[in-house]
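Enquirer: The sequence and its predicted three-dimensional model are supplied below.
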Amino acid sequence: MSTTTTEWYPSKVDWWLVPLLSLAPVASIVACISLVLEGQLAALPWAVGGVLLVLGVYFGMVIPMTYGLDDTTLIVRFGICRQRIALADILEVRPTHNPLSSPALSLDRLRIQFGPGLFKAVMISPADRDRFLDDLAERAGLTREGDRLVRM
């Protein structure tokens, strides 16, 4: 019996996204500190609840954001969620800058088509795009054409 090793690739993070994603947690913590300094302790549980809600969303849907490849599957991990895509189902991989919601922390993305229609595609943003494309092409039996992979 052979063991399968999963190779993990972190998401690329656009510089402008860091301050944008920092706004909600920083604002909720500042609100807590402000309430304490003003002596409004009765409202503090609501503010702490806001901090916990923001952290729950981030750790539930954003952190960590990584992509894994093993011998048969592409795993897209975002927070506690995981999407598994059979490598044999991948039809095409192409670059895109589509801003639609996606498990990617950059607009420098790869669109992975794994079936017909809009709902059989995912956009990801591996930090080391070339290594990811090389490894995916090798494991999925795809042909690399620049930044594009196709099934022949």
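Expert: Received the coordinates, thanks.
Enquirer: per-residue pLDDT, the most far-flung residue of the chain relative to its centre?
Expert: The C-alpha centroid of the chain is most remote from residue 39, which lies 40.0 Å away (C-alpha atoms, centre = their mean). If you check residue 39, the pLDDT there is 89.
Enquirer: On the three-state scheme, it is what?
Expert: Secondary structure assignment for residue 39 (DSSP: H, G, I helix; E, B strand; the rest coil): coil.
Enquirer: and if you look at residue 94?
Expert: strand.
Enquirer: residue ranges of the helices in the protein, please?
Expert: Ranges of helices in the chain, per DSSP state H, are 17-37, 44-61, 129-140.
Enquirer: Contacts only, for the residue farthest from the centre of the chain.
Expert: By C-beta atoms under 8 Å, 6 or more residues apart in numbering, the contact set of residue 39 is empty. Placement of C-beta: from N, CA and C, glycine included.
Enquirer: swap in residue 105?
Expert: 11-14, 17, 62, 65, 125 are the contacts of residue 105 under C-beta under 8 Å, 6+ apart.
Enquirer: Just the buried subset of these, please.
Expert: 11-12, 65, 125 (16 or more other C-beta atoms under 10 Å).
Enquirer: so which pair among those is furthest apart in space?
Expert: Pairwise distances across the buried ones among the contacts of residue 105 peak at 9.6 Å for 12 and 65 (criterion: C-beta to C-beta).
Enquirer: overlap in contacts of those two?
Expert: 104-105.
Enquirer: Going by distance to residue 34, which of the buried ones among the contacts of residue 105 wins?
Expert: residue 65 (31.0 Å).
Enquirer: Find me whatever residue is spatially closest to that closest one, sequence neighbours aside.
Expert: Leaving aside its chain neighbours, residue 65 sits nearest to residue 11 (4.1 Å; criterion: C-beta to C-beta, 6 or more residues apart in numbering).
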